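S.K.: Below are the sequence and a predicted model; questions follow.
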Amino acid sequence: MSETHALFVPIQLGRHTLPHRIAMAPLTRSRAGQPGNVPTSMNVEYYRQRASAALIVTEATQISQQGQGYAWTPGIHTAEQIRGWRAVSDAVHAEGGKIFLQLWHVGRISHPVFQPEGSLPVAPSAIPVPGKTFIADENGNGIWVDIPIPQALTLGGIAAIVDDFRAAARNAMAAGMDGVEIHAGNGYLLDQFINSNSNRRDDRYGGSFENRARLLLEVVDAVSTEVGHANVGVRLTPMGRFMGMGDETPEETFGYIAQHLNDRSLAYLHLVEPAIVGTEKDEQYDPRWDSIIKLMRERFEGVLMLAGGYTLDSAKRAIENGRADVIAFGRPFIANPDLPQRLREGFALNEPDPSTFFGGSEAGYIDYPALALESR
Ligand code: FNR
């Protein structure tokens, strides 16, 4: 018997009424067509299969060549990429789904092989980066490599990135997307500016938390002016430690950001529970998170989406007790194209295979089975 728990009750998000509260989290799968990082018919099929999500947030998609940091991730800065994404959004819409494109600039998490003219990746500050990135070797196989010390952005370089976000948002709408999600988490460019660990600037983009939040808010304003604030979401990972993140003033920083995003009437704010921001459980879970999320929930009055290790039970609890309005599922959606139906009707879930998360072909991508009608 199907149930009508609050998790399955519609909600308004921006211009759209979502049929339930189970969204698909953004998931990098490293399978864009080469050359050119262009979505393919296989990518179209992957998203089409998952169109019963209340909202699909696409995999992180670079806004410019400079914004790429890993092999085979898609972009939204060329005409071919726009055409590729148009086929994806058309397929999702034909199934009755909604889809926002996640806009991504990796900042320092990159490598000269991806950068224009082989230059150093850009960052708020030229300091060493703890972490590795994933490039293709001469045989086309993925290998993990060290990240060089990045170059600090000039003010002109920062302004150019704001323009790149604006243009990419325009391109996403031209590709038929229902909106865009600005990726400001997981240790990528905007998060590098926000966190004091990675931002040692002494100009208007560094120092105080207001200054460290400035680039995010400028990007939000540029993108909102371009595509309309109701078509814009923001993803943050407060207290995340991934890729060397860490902030001296997390309550002030993220409280301030939540307040200022609230003033901008966005479609939604998307936060990742810090215990899990990538594929690994963070052993250094910071207990201050509970007060930070409470503060952000108070200050941001719009739709709040939460992700990170959710199950059917914890998702139900989070909706019931008002912790969140929408829950985004990541890995469960990799393995269960029809996840909302499975959760609603209480069916068992397929287990995702981490060995096929990044790169490869159809296996572990479009061959996870949907519920067969006869199994009901
Ligand atoms: C991710 N995650 C992620 N987050 C993001 O903002 N943009 C992205 O492109 C990706 N890519 C990505 C790839 C893979 C293979 C994994 C497993 C995760 C994080 C993801 O959106 C989500 O927050 C986490 O997976 C936690 O949710 P689950 O998987 O516990 O439901």
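M.R.: That came through, no problem.
S.K.: ok, now which ones touch the closest residue to Ser198 other than its chain neighbours?
M.R.: On the basis of C-beta to C-beta, 6 or more residues apart in numbering, the spatially nearest residue to Ser198 that is not a chain neighbour turns out to be Gln192, at 4.3 Å. C-beta: built from backbone N, CA, C; applies to glycine. Contacts were defined as C-beta atoms under 8 Å, 6 or more residues apart in numbering; by that measure Gln192 touches 107-108, 123-124, 198-199, 245.
S.K.: one more time with 7 Å
M.R.: 107-108, 123-124, 198-199 (C-beta atoms under 7 Å, 6 or more residues apart in numbering).
S.K.: Only the buried subset of those, as a ChimeraX command please.
M.R.: Here is the ChimeraX command that picks out the buried ones among these, judged by 16 or more other C-beta atoms under 10 Å:
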select :107,108,123,124,198,199
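S.K.: would you list every one of the strands in the stretch 1-150 of the chain?
M.R.: Secondary structure of the stretch 1-150 of the chain (DSSP state E, counting those that start in this stretch): strands at 11-13, 16-18, 22-24, 56-62, 99-104, 122-123, 132-136, 142-146.
S.K.: helices or strands next to the longest one in the packing?
M.R.: Read it as strand 56-62. In terms of contacts (3 or more C-beta pairs under 7 Å, 6 or more residues apart in numbering; DSSP states H and E), strand 56-62 is packed against strand 22-24, strand 99-104.
S.K.: Next one: Trp289 from the ligand, what distance?
M.R.: 14 Å (C-beta to the nearest ligand atom, to the nearest Å).
S.K.: Pull the contacting residues for that residue.
M.R.: Trp289 makes contacts with 239, 274, as judged by C-beta under 7 Å, 6+ apart.
S.K.: For it, what are phi and psi?
M.R.: Recorded main-chain torsions at Trp289 are phi -50, psi -40, according to degrees, to the nearest 10.
S.K.: Please name whichever of the helices and strands packed on strand 56-62 is nearest to the ligand.
M.R.: Comparing the helices and strands packed on strand 56-62 against the ligand with C-beta to the nearest ligand atom, the closest turns out to be strand 99-104 (5.7 Å).
S.K.: So what's the model's average confidence on the closest one?
M.R.: In this model, strand 99-104 has an average pLDDT of 99.
S.K.: And stretch 29-41, by the same measure?
M.R.: Confidence over stretch 29-41 (mean pLDDT, whole number) is 98.
S.K.: Quick check: residues of the stretch 1-150 of the chain near the ligand?
M.R.: 25-28, 59-60, 102 (C-beta under 6 Å from any ligand atom).
S.K.: which among these gets closest to Ala87?
M.R.: Ala87 lies nearest to Glu59 out of those, by C-beta to C-beta, at 15.1 Å.
S.K.: Give me the number of neighbouring residues for that closest one.
M.R.: Close neighbours of Glu59, defined as other C-beta atoms under 10 Å, add up to 22.
S.K.: doesn't Leu27 make contact with it?
M.R.: Yes - taking contacts as C-beta atoms under 7 Å, Glu59 lies within contact range of Leu27: 5.5 Å.
S.K.: And the strands of the stretch 1-150 of the chain: which comes nearest Leu217?
M.R.: Using C-beta to C-beta, the strands of the stretch 1-150 of the chain put strand 99-104 closest to Leu217, at 14.9 Å.
S.K.: Adjacent strands (with direction) for the closest one?
M.R.: strand 56-62 (parallel), strand 179-184 (parallel) (DSSP bridges).
S.K.: Which element, helix or strand, includes the closest residue to His5 other than its chain neighbours?
M.R.: If you skip the residues right next to it in sequence, His5 has Lys316 as its closest partner in space, 5.6 Å away by C-beta to C-beta, 6+ apart. Remark: Lys316 resides in helix 312-320, with elements defined by DSSP states H and E.
S.K.: Contacts made by that helix with the rest, please.
M.R.: 5-7, 21, 306, 324, 327, 343.
S.K.: Counting neighbours, what do you get for whatever residue of the stretch 251-376 of the chain ends up closest to the ligand?
M.R.: Using C-beta to the nearest ligand atom, Gly330 is the residue of the stretch 251-376 of the chain that sits closest to the ligand, at 2.7 Å. Under the neighbour criterion other C-beta under 10 Å, Gly330 is assigned a count of 20.
S.K.: Just the pLDDT for it.
M.R.: Reading off the confidence values, Gly330 has pLDDT 98.
S.K.: Isn't it up against Ala307?
M.R.: Yes - using C-beta under 7 Å, Gly330 and Ala307 qualify as a contacting pair, with a distance of 6.2 Å.
S.K.: quick one: common contacting residues for the two?
M.R.: Taking C-beta under 7 Å, 6+ apart as the contact definition, Gly330 and Ala307 share the neighbouring residues Ala25.
S.K.: one step back: for the strands paired with strand 99-104, could you give me TSV that also reports distance to Asn37 and mean pLDDT?
M.R.: Output for the strands paired with strand 99-104, formatted as TSV (distance: least, C-beta to C-beta, whole Å; pLDDT from 0 to 100):
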stretch	distance to Asn37	mean pLDDT
strand 56-62	7	99
strand 179-184	16	98
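S.K.: Rebuild the ones you listed as CSV, extending it with distance to Ala152.
M.R.: As requested, these are arranged in CSV below (distance: least, C-beta to C-beta, whole Å):
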stretch, distance to Ala152
strand 56-62, 20
strand 179-184, 19
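S.K.: between those, which gets nearest to Arg264?
M.R.: Of all the strands paired with strand 99-104, the one in closest proximity to Arg264, counting by C-beta to C-beta, is strand 179-184 (11.2 Å).
S.K.: Nothing else from me, thank you.
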